[in-house]
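Peer 1: predicted model and sequence below, questions to follow.
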Amino acid sequence: MYYSEDIIEQVRTENDILDVIGDYVKLQKKGSSYFGLCPFHNEKSPSFSVSPQKQMYYCFGCGEGGNVISFLMKYENYTFVEALQVLANRAGIELPQMEYSKEAKKEKDLKSKIIEINTEAAKYFHYLLKSERGKTAYAYLKNRQLSDETIVQFGLGYSDKYSNNLYRYLKSKGYQDQELRETGLFTFDEKRGVTDKFWNRVMFPIMDANNRVIAFGGRVMGDAKPKYLNSPETKVFDKSRNLYGLNEARSSRENYMLICEGYMDVISLHQAGFKNAVAALGTAFTSRHAILIKRYVKEVVLTFDSDEAGIKAALRAIPYLKDAGLSVRVLNMKPYKDPDEFIKNLGKEAYEKRIAEAVNFFLFEVGVKQSSFHLNDPQEKTQFHNLVAEMLLEFEDEMERQNYLEAVCETYQISKEGLSKLVRKKGLAYVGRKEKISEPEPKKKTGEQKEDAAIRTQRILLAYLLDRTQWFEKVSEVLSPQDFVDPFYQKVATLFWEQMELGQANPAQIMNYFEDEEEHKKVAELFVSPIQADLTMEQLERAVNDAVYRIKKAGLEHRAQNASDISELQQIIKQQNELQKIHIRLQ
């Protein structure tokens, strides 16, 4: 689909990048930029930067970068068109009538077809559940004390015991193998033919936030393995971007969400009246799950299984939730294993009481650690206190650290003064160790060094000119976009030169001319190169002149190698001789 450059730029400029990314990432201001933990890779120290001035983001850790449109494309797995439509709706902009390119229309049609087939499969599974063939599965759900209303609400179903039953049904509906292959519902094998991925299982349709069937989970009837099976990832299904039950929970009036481990936990809680329960989809809880939840609530209560595996899962999830800016509490389910079992035995009111008593995440973590110490033994008690002091150092804000310290002291009868001194002592030791750590950078091969130096020179110059637009006039007297040898950088320079000549530096707009994700990263990297603020004017002038010289020299060498006649070559040689005399005065 094609939109005019003007409408694309209108949508981009009316969606401030800081506001949009702030809905996904917890950001803190540092200098002129904002920093947070990167949503595209796991990290402990923030290296993800957002520049309100440049309207761009860039991660110094993994290299992801772009403008507000490319952020949505990357994070939400949107096409360019889908991202533009979401941002247009956000800004109240009415987009003109769409015209699809051949590729965009093919991609859109494929996604629509997958969802259509999934919906048809969900209807068929539900039909089988209520038929004679599904009586065992239906009895299983009734034994789990699910009402017919709940079964319908969640669209539960049954996949037949014959291993190609769904395939034959969908073929009878006119669907082609090429379409069915994309759904992840079938295994295509040259020898065995086509078989259903799910058979003889209770089926749990997985919906996205807009109630579209994007995948399935299946619980086996019998002793076959695995006990639970989930759809593979497809064009419409990404496990890390979806949560089971979110389509229902997002409209809950509660200001928090209950996070469970499994399908049945979510369903049982919803049936009991807890409409704000969700669960990860057959995968470990991730930062993307946490950011997804942050869109709807500010607090979560973890209600994972009470066994060792559930405790470990909770400990793994807490950092992601905390980094997303969510308030985190942990519910104690003992003596029962999971929410489903708890509700069946003690009921809704008892569970509500447990929610009210859910402990703060840090006290939960301390409690888990404390269970491995015998506090009546002086040596182990000292070890426990040392461990708590180290855990408290995770809080960078002094007031926050003090609040948690007081809470721990009150819970475990620890001397506040003593623990405070221990925290300070360990903090000083930690700083000392950190200052001594210095790992040498691995040496690069000569070819890599040369390539990196050329790219770095171009990146530094463009970054300088963007930050100090008053220098452009003097630099442009010597340098032109044609001096940038690489086709990509030449295109970026051409667009940048055009903007600068109009007096409107706008690097985020340059990305509108590139559709490839890797190109977006490269543009972002060009314009967010860190500038050393402590350089003197003389040092800055020397750096700019060095960059201009290197780029001009490389450009002339390239032109010399491709000169078409002797007169052109002579002209290039003359410019090469004059190159030594060039010196740009920036003051």
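Peer 2: The structure has been received and is ready for your questions. Numbering: from 1, shown residues only.

Peer 1: grab the nearest non-local neighbour of residue 255.
Peer 2: residue 297 (5.9 Å; C-beta to C-beta, 6 or more residues apart in numbering). To be clear about C-beta, it is placed using only N, CA and C from the backbone, and glycine gets the same treatment.

Peer 1: pretty sure residue 33 sits against residue 50.
Peer 2: Yes. Using C-beta atoms under 8 Å, residue 33 is in contact with residue 50, at 6.4 Å.

Peer 1: higher neighbour count, the two?
Peer 2: residue 50 (24 against 19; other C-beta atoms under 10 Å).

Peer 1: am I right that the more buried one sits in a strand?
Peer 2: Yes. Looking at residue 50 with DSSP: H, G, I helix; E, B strand; the rest coil, it is inside a strand.

Peer 1: which stretches of the stretch 1-150 of the chain form helices?
Peer 2: 5-13, 17-22, 68-76, 80-91, 102-130, 135-143, 148-153 (DSSP state H, counting those that start in this stretch).

Peer 1: got the angle for the fourth one vs helix 68-76?
Peer 2: Orientation note: helix 80-91 sits at an angle of 110 degrees relative to helix 68-76 (axes from the mean of the first three to the mean of the last three C-alpha atoms, to 10 degrees).

Peer 1: tell me what helix 80-91 is packed against?
Peer 2: Packed against helix 80-91 by the contact rule (3 or more C-beta pairs under 8 Å, 6 or more residues apart in numbering; DSSP states H and E) you find helix 5-13, helix 68-76, helix 102-130.

Peer 1: okay, angle between it and helix 102-130 too, please.
Peer 2: Interaxial angle, helix 80-91 versus helix 102-130 (the same axes, to 10 degrees): 80 degrees.

Peer 1: using CSV, write out every CA atom in helix 80-91.
Peer 2: Taking C-alpha atoms only, helix 80-91 is exported to CSV below (Å, rounded to 0.1, in the frame of the first residue of the first chain):
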residue,chain,number,x,y,z
PHE,A,80,4.6,-0.5,7.9
VAL,A,81,1.0,0.0,6.9
GLU,A,82,-0.4,-1.5,10.2
ALA,A,83,2.0,0.7,12.3
LEU,A,84,0.9,3.8,10.4
GLN,A,85,-2.8,3.0,10.8
VAL,A,86,-2.4,2.5,14.6
LEU,A,87,-0.5,5.8,15.0
ALA,A,88,-3.0,7.6,12.8
ASN,A,89,-5.8,6.4,15.0
ARG,A,90,-3.9,7.4,18.1
ALA,A,91,-3.5,11.0,16.7
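
Peer 1: that one: how far from the chain's middle?
Peer 2: 18 Å (C-alpha atoms, centre = their mean, to the nearest Å).

Peer 1: can you map out the strands along the stretch 301-450 of the chain?
Peer 2: 327-330, 359-360 (DSSP state E, counting those that start in this stretch).

Peer 1: need the phi and psi values for residue 203.
Peer 2: phi -110, psi 140 (degrees, to the nearest 10).

Peer 1: mind checking the SS state of residue 205?
Peer 2: Strictly by three-state DSSP, residue 205 counts as strand.

Peer 1: so who does it touch?
Peer 2: 118, 122, 125, 154-157, 213, 216 (C-beta atoms under 8 Å, 6 or more residues apart in numbering).

Peer 1: hmm, back to that, just name the most buried of the helices and strands packed on helix 80-91.
Peer 2: helix 68-76 (a mean of 23; mean count of other C-beta atoms under 10 Å).

Peer 1: could you export the helices and strands packed on helix 80-91 as JSON lines, including distance to residue 494?
Peer 2: Formatted as JSON lines, the helices and strands packed on helix 80-91 follow (distance: least, C-beta to C-beta, whole Å):
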{"stretch": "helix 5-13", "distance to residue 494": "15"}
{"stretch": "helix 68-76", "distance to residue 494": "20"}
{"stretch": "helix 102-130", "distance to residue 494": "25"}
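
Peer 1: a markdown table for those, including distance to residue 499 and mean pLDDT?
Peer 2: Output for the helices and strands packed on helix 80-91, formatted as a markdown table (distance: least, C-beta to C-beta, whole Å; pLDDT from 0 to 100):
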| stretch | distance to residue 499 | mean pLDDT |
| --- | --- | --- |
| helix 5-13 | 12 | 88 |
| helix 68-76 | 18 | 86 |
| helix 102-130 | 27 | 90 |
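
Peer 1: which of the ones you listed sits closest to residue 414?
Peer 2: Taking C-beta to C-beta, helix 68-76 is the member of the helices and strands packed on helix 80-91 nearest to residue 414, at 42.3 Å.

Peer 1: how far off centre is that closest one?
Peer 2: With C-alpha atoms, centre = their mean, you get 10 Å for helix 68-76.

Peer 1: if you count contacts, what does that helix end up packed against?
Peer 2: Helix 68-76 packs on helix 5-13, helix 17-22, helix 80-91, helix 517-527, going by 3+ C-beta pairs under 8 Å, 6+ apart.

Peer 1: number of residues surrounding residue 513?
Peer 2: Neighbour tally, residue 513, other C-beta under 10 Å: 14.

Peer 1: quick one, what contacts it?
Peer 2: Shown in contact with residue 513 (C-beta under 8 Å, 6+ apart): 491, 495.

Peer 1: ok, 10 Å please
Peer 2: Counting by C-beta atoms under 10 Å, 6 or more residues apart in numbering, residue 513 makes contact with 5, 8, 491-492, 494-495, 519, 523.

Peer 1: distance to residue 425 for the residues you listed - can I get that in CSV?
Peer 2: Output for the contacts of residue 513, formatted as CSV (distance: C-beta to C-beta, whole Å):
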residue, distance to residue 425
5, 61
8, 57
491, 57
492, 52
494, 59
495, 56
519, 51
523, 48
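
Peer 1: just the buried ones among these, please.
Peer 2: 8, 491-492, 494-495, 519, 523 (16 or more other C-beta atoms under 10 Å).

Peer 1: now, the most widely separated pair of these?
Peer 2: Greatest spacing in those, by C-beta to C-beta: 8 and 494 (18.4 Å).

Peer 1: now do the closest residue to residue 4 other than its chain neighbours, the pLDDT please.
Peer 2: In space, and not counting its chain neighbours, residue 4 is closest to residue 96: 7.8 Å by C-beta to C-beta, 6+ apart. Looking at residue 96, its pLDDT reads 82.

Peer 1: swap in residue 379?
Peer 2: Residue 379 is assigned a pLDDT of 93 by the prediction.

Peer 1: now residue 528
Peer 2: On the pLDDT scale, residue 528 gets 68.

Peer 1: could you do residue 39 as well?
Peer 2: Reported pLDDT for residue 39: 86.

Peer 1: just checking, residue 552 touches residue 479?
Peer 2: Yes. Contact criterion C-beta atoms under 10 Å: residue 552 and residue 479 qualify, at 5.9 Å.

Peer 1: looking at the two, which is more packed in?
Peer 2: Neighbour count, other C-beta under 10 Å: between residue 552 and residue 479, residue 479 has more, with 23 against 18.

Peer 1: that one: which element?
Peer 2: Counting by DSSP states H and E, no helix or strand carries residue 479.

Peer 1: contacts only, for the nearest residue to it once chain neighbours are set aside.
Peer 2: Closest residue to residue 479 apart from its sequence neighbours, by C-beta to C-beta, 6+ apart: residue 548 at 5.5 Å. Residue 548 is in contact with 457, 461, 474-475, 478-479, 483, 579, 582-584, counting by C-beta under 10 Å, 6+ apart.
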